[in-house]
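In: One predicted model, sequence on top.
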Amino acid sequence: MSSPRKRRVVLLGSTGSIGGSTLKVADQLTKHIELVGLAAASNIVQLAKQVRDTGVRQVALYDASKEAALRALLPSGVRIHVGAEGLVHLATLAEADMVLVAIVGTAGLQPALAAIEAGKDLAIASKEILVMAGELITAAAARHGVKLLPVDSEHNAIFQCLDGQRGGAEAVARLILTASGGPFRTMPKADLARVTPEQALRHPTWEMGPKITIDSATLFNKGLEMIEARWLFGIGMERIDVLVHPQSIIHSMVEFRDGSLLAQLSRTDMCFPIQYALTWPERVAGGLQAPDFATLAKLEFEAPRDDVFPALGLARRAGLCGGTLPAVFNAANEVAVAAFRSGQLSFPGIWACVAAAMDSHQVEPSSSLATVLAADHWARQYATTFCQPGA
């Protein structure tokens with residue numbers, strides 16, 4: 001039996017936490033994965049080190065003002081592409097089979113669509129891509145016959161549970177996304193107004209970037225994942241639920257119409273879903289270890305406190321409404337999280353800001369990328385005004 005062909009991957013967002021884990025996976029699986037392009041926003045020192053470590057010859061830098069400084073750090077012969085156009089160029093490299101998008105914010109949308117149109121499979125780690133433009137992305141993938149491979153641990157878990165199952169969406173009763181519950185899972189509602197950014201950044205089970213860590217504390221992260229799941233798996237929002245599982249060993253579950261459930265389990269390490277996305281449909285041995293059930297004291301489950309953490313209800317409303325409302329949900333949350341981190345907004349104020357933006361938005365069909373980006377821009381302006389002192 002012949003071994004599968006090495007997959008050639010462009011990594012957009014190489015200097016973030018997902019990017020670092022991807023580089024680790026690629027280093028462990030050199031027979032299966034070859035990195036052919038790296039892109040970063042502005043961290044030229046880390047990007048230059050990654051280029052030297054991997055031997056990549058094509059890079060993109062979103063911050064064009066640092067191009068000269070990056071060139072001075074790189075080996076000769078490495079091509080640099082800058083700005084939004086640079087990301088698109090890298091995403092459409094002829095030699096690439098797959099593009100992994102791990103860019104935070106809206107900057108990943110255009111290169112993601114460009115990669116699909118160029119016939120590249122898309123590994124998705126950036127929530128904004130499907131939350132803001134799920135209809136556009138999935139339609140483009142269907143037109144061009146490319147595969148959308150989830151990198152988020154929860155969606156990757158569902159993807160694994162559904163892989164090879166017959167009956168499609170009709171066989172599924174529910175998708176169950178698991179959530180750690182964050183650091184304030186049991187905190188009384190009255191105490192949340194005193195939560196500080198430092199407290200919100202202490203996640204109990206995962207090591208992640210600051211934005212996603214705070215989203216985990218508010219449960220907005222899980223709300224975004226609900227909308228993502230709706231597009232990735234073609235399941236209506238009414239069949240997507242969240243279950244709090246503090247140990248984060250079961251990453252998600254699928255309940256089938258016959259009453260049986262399948263769950264995917266692994267340690268709390270993002271290398272697991274990244275490796276599966278990059279090597280699918282194969283399973284290959286790397287440096288990752290399975291959970292040791294003999295040392296696990298217990299696995300706990302509980303319903304989320306929707307009255308205390310309203311993010312899930314807001315997400316369900318955005319997903320059911322569709323159109324431009326999910327883009328507003330996402331953008332207002334980004335602004336509110338930044339305002340909370342800078343001391344402008346209280347922790348419960350994050351939910352209040354998003355709810356106000358959604359209430360004030362005139363929803364339109366998400367018929368084009370321009371329409372989606374316009375809604376994103378409107379929501380950011382609205383949320384910025386909401387978060388100003390005295391507003």
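Out: Cool, the structure landed.

In: Walking through the stretch 1-150 of the chain, point out its strands one by one.
Out: 7-12, 33-40, 58-61, 79-82, 98-101, 121-124, 148-150 (DSSP state E, counting those that start in this stretch).

In: who does the second one pair up with?
Out: Pointing back at strand 33-40 there. Here strand 33-40 is paired, per DSSP bridges, with strand 7-12 (parallel), strand 58-61 (parallel).

In: now for those strands, which one comes closest to residue 209?
Out: strand 7-12 (15.1 Å; Cβ to Cβ). Every residue, glycine included, has its C-beta placed from N, CA and C.

In: before we move on, back to that, for the strands paired with strand 33-40, which one sits closest to residue 70?
Out: Across those, closest to residue 70 is strand 58-61 (Cβ to Cβ), at 5.6 Å.

In: Name the residues that touch that closest one?
Out: 12, 36-42, 44, 47, 51, 67, 70, 74, 78-82, 86-87, 89-90, 93 (Cβ atoms under 8 Å, 6 or more residues apart in numbering).

In: Would you mind giving the strands paired with strand 33-40 as a markdown table with mean pLDDT added?
Out: Conversion of the strands paired with strand 33-40 to a markdown table gives the following (pLDDT from 0 to 100):
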| stretch | mean pLDDT |
| --- | --- |
| strand 7-12 | 98 |
| strand 58-61 | 98 |
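
In: Make a markdown table from the ones you listed and add distance to residue 367 to it.
Out: Putting those into a markdown table (distance: least, Cβ to Cβ, whole Å) gives the following:
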| stretch | distance to residue 367 |
| --- | --- |
| strand 7-12 | 25 |
| strand 58-61 | 29 |
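
In: for these, which one sits closest to residue 363?
Out: strand 7-12 (29.6 Å).

In: so how far is that closest one off the chain centroid?
Out: The chain centroid and the centroid of strand 7-12 are separated by 17 Å under Cα atoms, centre = their mean, to the nearest Å.

In: Check stretch 375-383 too.
Out: Going by Cα atoms, centre = their mean, where stretch 375-383 is centred and where its chain is centred differ by 21 Å.

In: what does that stretch rub up against?
Out: By Cβ under 8 Å, 6+ apart, stretch 375-383 touches 106, 132, 324, 327-328, 330-332, 334-336, 339, 353-354, 356-357, 360-361, 364, 366.

In: go on, stretch 74-94?
Out: 10, 12, 36-37, 39, 48, 51-52, 56-64, 67, 70-71, 99, 101, 103, 107-108, 110-112, 114-115, 117-118, 120.

In: one more time with 6 Å, if that's ok
Out: The contact list for stretch 74-94 (Cβ atoms under 6 Å, 6 or more residues apart in numbering) reads 10, 37, 39, 48, 51, 57-61, 64, 67, 99, 110-111, 114-115, 118.

In: Need the CA coordinates for the helix or strand bottoming out on mean pLDDT in the chain. CSV is fine.
Out: Least confident helix or strand, the chain: helix 210-218 with a mean of 91, by mean pLDDT, DSSP states H and E. The C-alpha coordinates for helix 210-218 follow below in CSV (Å, rounded to 0.1, in the frame of the first residue of the first chain):
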residue,chain,number,x,y,z
PRO,A,210,-6.2,36.8,24.8
LYS,A,211,-9.2,37.4,22.6
ILE,A,212,-10.3,33.8,22.4
THR,A,213,-9.6,33.4,26.1
ILE,A,214,-11.9,36.2,27.1
ASP,A,215,-14.5,34.9,24.6
SER,A,216,-14.3,31.6,26.5
ALA,A,217,-15.0,33.4,29.8
THR,A,218,-18.1,35.1,28.3
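
In: Can you point out the buried residues in that helix?
Out: 211, 212, 213, 214, 215, 216, 217, 218 (16 or more other Cβ atoms under 10 Å).

In: How far does it sit from its chain's centre?
Out: Worked out by Cα atoms, centre = their mean, helix 210-218 lies 12 Å from the chain centre.

In: Do a quick rundown of the helices in the stretch 1-150 of the chain.
Out: Counting by DSSP state H, counting those that start in this stretch, the stretch 1-150 of the chain has helices at residues 17-28, 44-54, 67-73, 83-91, 109-117, 127-144.

In: ok, residues contacting the fifth one?
Out: Residues from elsewhere that reach helix 109-117, judged by Cβ under 6 Å, 6+ apart: 12, 87-88, 91-92, 99, 101, 122, 129, 133, 140-141, 144, 146.

In: now those residues as TSV including distance to residue 257 and neighbour count?
Out: Listed next are the contacts of helix 109-117 as TSV, based on distance: Cβ to Cβ, whole Å; neighbours: other Cβ atoms under 10 Å:
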residue	distance to residue 257	neighbour count
12	38	29
87	42	31
88	42	18
91	38	27
92	41	18
99	35	29
101	33	26
122	29	25
129	30	24
133	30	26
140	30	19
141	26	20
144	31	13
146	29	19
